[in-house]
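S.K.: coords please:
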Amino acid sequence: MMRLRAYFVGVGLLLLSTSVQAQRAVPVLLEGEVGVERFSDAAVRSVFPVGANLRLGPAFVMASEGRLRLRPQVGLKLFLNEIEEGLTEHLLFFKLGGQVCYDLFYIGQTTFFPYVAAEFNWVSNFDAERYADDDVSFSENYLRGSGWSQEMGFRVQWREVFLKAGCEFFNPTLRARQSLIEEDLAAGYVTPESQVFRFHTLNISIGFSLFP
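M.R.: Numbering: from 1, shown residues only. I've put the predicted structure just below:
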């Protein structure tokens, strides 16, 4: 029994040592950012003038002198349209993907990174109604869909803080809720079952990059 226990302790120490060595070989940073978004399409922008974004993920520092960074990430984007007092339309994006950036050059303590990213998006469109007692109710999705987006831009970092600007390209096909189609048909309107939307955006974010 003592030999067996010693064996497992030895294996555990070996795995821990291997893990520590791997962490030393590939430094990992914790990165997060928040920012604002604006649709490039005028028709969409007239309904949702501006939105907010949030992204978070570990960044693996690789290549010569740690100039290449690979970041798997999760994120959210939210656009709001106030229909009337207490009633707000939401356009919500849940995002999962990755970003690659490269340390192109630096001036003093300021580093300049071009970047590209690809993310899978789940999109939903719904209303939220707030009542006098501050309770909030959410409607069913009017539109929903999913698809891949691509983004490119530039990032300027000073120590642990960075500023990022980019453009995202996204043309999802969103499907209307069946009950909505039937309600509109009863009222004399024809609502298409699905439609392609131009959800290209320009964005500016501020973020942090820290060793955990």
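S.K.: can you check the pLDDT for residue 211?
M.R.: On the pLDDT scale, residue 211 is placed at 84.
S.K.: excluding covalently adjacent residues, which one is nearest to it?
M.R.: Residue nearest to residue 211 in three dimensions, not counting chain neighbours: residue 29, with 6.1 Å by C-beta to C-beta, 6 or more residues apart in numbering. All C-beta spots, glycine's among them, are computed from the backbone N, C-alpha and C.
S.K.: the one you found contacts residue 57, correct?
M.R.: No: between residue 29 and residue 57 there is no contact under C-beta atoms under 8 Å: 9.6 Å.
S.K.: report the central residue of the protein.
M.R.: Geometric centre of the chain, nearest residue: residue 75, 2.6 Å, by C-alpha atoms, centre = their mean.
S.K.: give me the element that residue is part of.
M.R.: strand 68-84 (DSSP states H and E).
S.K.: and the helix or strand following that strand, which strands flank it?
M.R.: Elements were assigned by DSSP H and E; along the chain past strand 68-84, the next helix or strand is strand 87-102. Strand pairing for strand 87-102, using DSSP bridges, gives strand 68-84 (antiparallel), strand 110-130 (antiparallel).
S.K.: quick one, helices of the protein?
M.R.: Taking DSSP state H to define them, one finds helices in the chain at 2-25, 42-47, 178-186.
S.K.: weakest of those helices in terms of mean pLDDT?
M.R.: Looking at those, the bottom one is helix 2-25 with a mean of 42.
S.K.: show me what residue 127 is bridged to.
M.R.: Using DSSP bridges, the bridge partners assigned to residue 127 are residue 89.
S.K.: repeat for residue 54
M.R.: residue 34, residue 76.
S.K.: might you report the residue contacts of it?
M.R.: Contact analysis of residue 54 by C-beta atoms under 8 Å, 6 or more residues apart in numbering lists 32-34, 75-77.
S.K.: the same query, at a cut-off of 10 Å, please.
M.R.: Residue 54 makes contact with 32-35, 74-78, 95, 205, 207 under the criterion C-beta atoms under 10 Å, 6 or more residues apart in numbering.
S.K.: and residue 157, by the same measure?
M.R.: Listed by C-beta under 10 Å, 6+ apart, the contact set of residue 157 reads 101, 103, 106, 109-113, 163-164, 207-209.
S.K.: how does it look with 8 Å?
M.R.: Residues near residue 157 by C-beta under 8 Å, 6+ apart: 110-113, 163, 209.
S.K.: and what of residue 94?
M.R.: Applying C-beta under 8 Å, 6+ apart to residue 94 gives the contacts 75-76, 121-122.
S.K.: rerun that using 7 Å as the cut-off
M.R.: By C-beta atoms under 7 Å, 6 or more residues apart in numbering, the residues touching residue 94 are 76, 122.
S.K.: returning to what we had before: and the residue nearest to residue 211, how many neighbours?
M.R.: Counted with other C-beta atoms under 10 Å, residues neighbouring residue 29 total 18.
S.K.: OK, contacts around it?
M.R.: 58-59, 61, 209-211.
S.K.: just the buried subset of those, please.
M.R.: 59, 61, 209 (16 or more other C-beta atoms under 10 Å).
S.K.: among the residues you listed, which are in strands?
M.R.: 59, 61, 209 (DSSP state E).
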